[in-house]
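# Give the three-dimensional model of this entry:
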Amino acid sequence: MIDYVTLAEKIKVWGEALGFVHVGICNIDLSLDETALQQWLKQGYHGEMQWMAAHGELRSRPDLLLPGTLRVISVSLPYLPYRSHISDSLANPDNAYVSRYALGRDYHKLMRQRLQKLGEQIKHYCETLSYRPFVDSAPLLERSLAAKAGLGWRGKHSLLLKETGSFFFLGELLVNMPLPVDQPVADLCGKCQACLQICPTQAIVEPYVVDARRCISYLTIEYDGIIPEALRPLIGNRIYGCDDCQLICPFNRQPDYTQEADFAPRHGLDKAELLALYEWDEATFLKRTEGSPIRRVGYAKWLRNITVALGNAAYDERIVQALKAHQQISPLLDNHIDWALARQEQHRTQAPEVTTRQARLLRQIALREL
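Below is the predicted model:
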């Protein structure tokens, strides 16, 4: 006879030994989240991420991914490198800003391997175990599951949040055992709306709801097309993702920092100059993004994103020449280059303005360099 209470305690010890900072267990009832997801999709907030709609009910029903699933073991792993030059990147429009999660090695393989090891350890204890690990690799509402498992609460920016911040990855292990479940933690956001107010493109349309079509992370990573002109100036120098809603959050004043060497910045991406990155040819891009989540955007979108950032930078003849040197590579890129050249001409006589939102964010970061 299996003592599931004791086993649950062992699972948490084993998980922490594998490097996971938090391990929690929940049941698979996501009916309320399923309703919210359908409403979000109905509003078209998923943009061109058709896979979000295609998998529909599968996202909220883990037992369809692994028949017989009774519980989900959720884990978290911090990714924020200590002193990752955030203020230098955001304050200097000549530098590129890359979302902190993407500075080092791609987390998918690392976390999946550790979840696999956790499953194997449980299997030694319980031979009848059926399990399957997931790390952003299946249509699962992982934030909802993590919240049910007590790893944190859903912040108003829609990300999972705990008292030591939100800079962490999530992973899941689906299992067929009736383990005791953990209790959700209280939502401590209160009346704070800092994340809604700081979002450069106002993509957080209401607390807990993000319109991906306006989100800089979506526009620079998921979206393949022509970035709407009205949103380009608001993107600033963010060439891969955006962390503003996290950086402004009071709970990230003292975040958990990563202990994983693999998540340390590679190729100086935490303080790289836009023009230096724009000089990468496709072979260099593929070489330097090997094993990085950045590679998934591809070279064409990489150039597109940098082009927009160069258009937002202060006038520099070197920028003008670099933009012209990249003309006629593709119609997609030409569209953004024409815009960037016009912006550079505008900036030749008028320096780019720092928005109130950006100034507020930079002031907060200056008080506590992450």
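
# Contacts only, for Glu282.
The neighbourhood of Glu282, defined by C-beta atoms under 8 Å, 6 or more residues apart in numbering, consists of Tyr299. For every residue, glycine as well, the C-beta is placed using N, CA and C.

# State the distance from it to Tyr299.
4 Å (C-beta to C-beta, to the nearest Å).

# swap in Tyr82?
31 Å.

# And for Ala149?
According to C-beta to C-beta, Ala149 stands 39 Å off from Tyr299.

# which of those two has more neighbours?
Higher neighbour count among Ala149 and Tyr299: Ala149, with 27 against 17, using other C-beta atoms under 10 Å.

# nearest residue to the more buried one other than its sequence neighbours?
Distances taken as C-beta to C-beta, 6 or more residues apart in numbering put Gly24 closest to Ala149, at 3.1 Å, once the chain neighbours are dropped.

# For Val75, which non-adjacent residue is spatially closest?
Phe20 (4.0 Å).

# Next, the one you found: secondary structure please.
Under DSSP: H, G, I helix; E, B strand; the rest coil, Phe20 falls in the coil class.

# Same check on Leu174?
When the rule is three-state DSSP, Leu174 gets the label strand.

# so what's Tyr45 closest to, chain neighbours aside?
Setting aside the residues directly before and after it, Tyr45 is nearest to Asp211 in space (C-beta to C-beta, 6+ apart), at 4.7 Å.

# Report the buried residues of the helix or strand encompassing Phe285.
In the assignment (DSSP states H and E), Phe285 maps to helix 282-288. Neighbour counts over helix 282-288 (16 or more other C-beta atoms under 10 Å) mark Phe285, Arg288 as buried.

# Next SSE downstream of that helix?
helix 298-312.

# Asp29: how many residues sit nearby?
12.

# show me what contacts the residue nearest to Ala340 when sequence neighbours are not counted?
Distances taken as C-beta to C-beta, 6+ apart put Gly311 closest to Ala340, at 3.1 Å, once the chain neighbours are dropped. Contacts for Gly311 (C-beta under 8 Å, 6+ apart) come out as Arg232, His336, Trp339, Ala340, Leu341, Ala342, Arg343, Gln344.

# wait, what's in contact with Ala194?
Going by C-beta under 8 Å, 6+ apart, Ala194 touches Ile248, Cys249, Pro250.

# Give me the buried entries from those.
Applying 16+ other C-beta under 10 Å to the contacts of Ala194 flags Ile248, Cys249 as buried.

# out of the contacts of Gly311, which are inside helices?
Of the contacts of Gly311, the ones assigned to helices by DSSP state H are Arg232, His336, Trp339, Ala340, Leu341, Ala342, Arg343, Gln344.

# Now the most centrally placed residue in the chain: closest residue in space that isn't a chain neighbour?
Centroid check for the chain by C-alpha atoms, centre = their mean gives Tyr101 as the closest residue, at 6.4 Å. Nearest non-adjacent residue to Tyr101, counting by C-beta to C-beta, 6+ apart: Tyr79, 5.1 Å away.

# Show the contacting residues for the one you found.
Contacts here follow C-beta under 8 Å, 6+ apart; on that basis Tyr79 touches Arg100, Tyr101, Gly104, Tyr107, Phe167, Phe168, Phe169, Thr258, Glu260, Phe263.

# Select from those residues the one having the most neighbours.
Ranked by neighbour count (other C-beta under 10 Å), the contacts of Tyr79 have Phe168 at the top, with 27 neighbours.

# distance of that one from Arg143?
11 Å.

# re earlier: which of the contacts of Tyr79 lies closest to Leu64?
Within these, proximity to Leu64 (C-beta to C-beta) peaks at Phe169, which comes in at 23.7 Å.

# helix, strand or coil for the closest one?
strand.

# Please verify my assumption that it contacts Asp106.
No - using C-beta atoms under 8 Å, Phe169 makes no contact with Asp106, being 10.5 Å away.

# thought Asp334 was touching Gln327?
Yes - Asp334 lies in contact with Gln327 (C-beta under 8 Å); the separation is 6.0 Å.

# Would you mind giving me the PyMOL syntax to select the buried ones in the contacts of Gly311?
Per 16+ other C-beta under 10 Å, the buried members of the contacts of Gly311 correspond to this PyMOL selection:
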select buried, resi 232+336+339+340+341+343+344
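
# in a helix, that's where Ser74 is, yeah?
No - the assignment for Ser74, made by three-state DSSP, is strand rather than a helix.

# Just grab the bridge partners of it for me.
With DSSP bridges applied, Ser74 shows beta-bridge pairing to Gly24, Glu172.

# Could you pull up the residues touching it?
Counting by C-beta under 8 Å, 6+ apart, Ser74 touches 23-26, 142, 145-146, 148-149, 151, 170-172.

# of the residues you listed, closest to Arg348?
The shortest approach to Arg348 among those belongs to Leu170, at 45.8 Å (C-beta to C-beta).

# Any chance of the backbone angles for the residue nearest to Tyr101?
phi -130, psi -10 (degrees, to the nearest 10).

# Could you measure from it over to Thr289?
To Thr289, Tyr79 is 17 Å away according to C-beta to C-beta.

# Report pLDDT for the nearest residue to Cys126 once chain neighbours are set aside.
Excluding the flanking residues, the one nearest Cys126 by C-beta to C-beta, 6+ apart is Ile2, at 5.8 Å. Looking at Ile2, its pLDDT stands at 88.

# Check Glu369 too.
Glu369 is given a pLDDT of 54.
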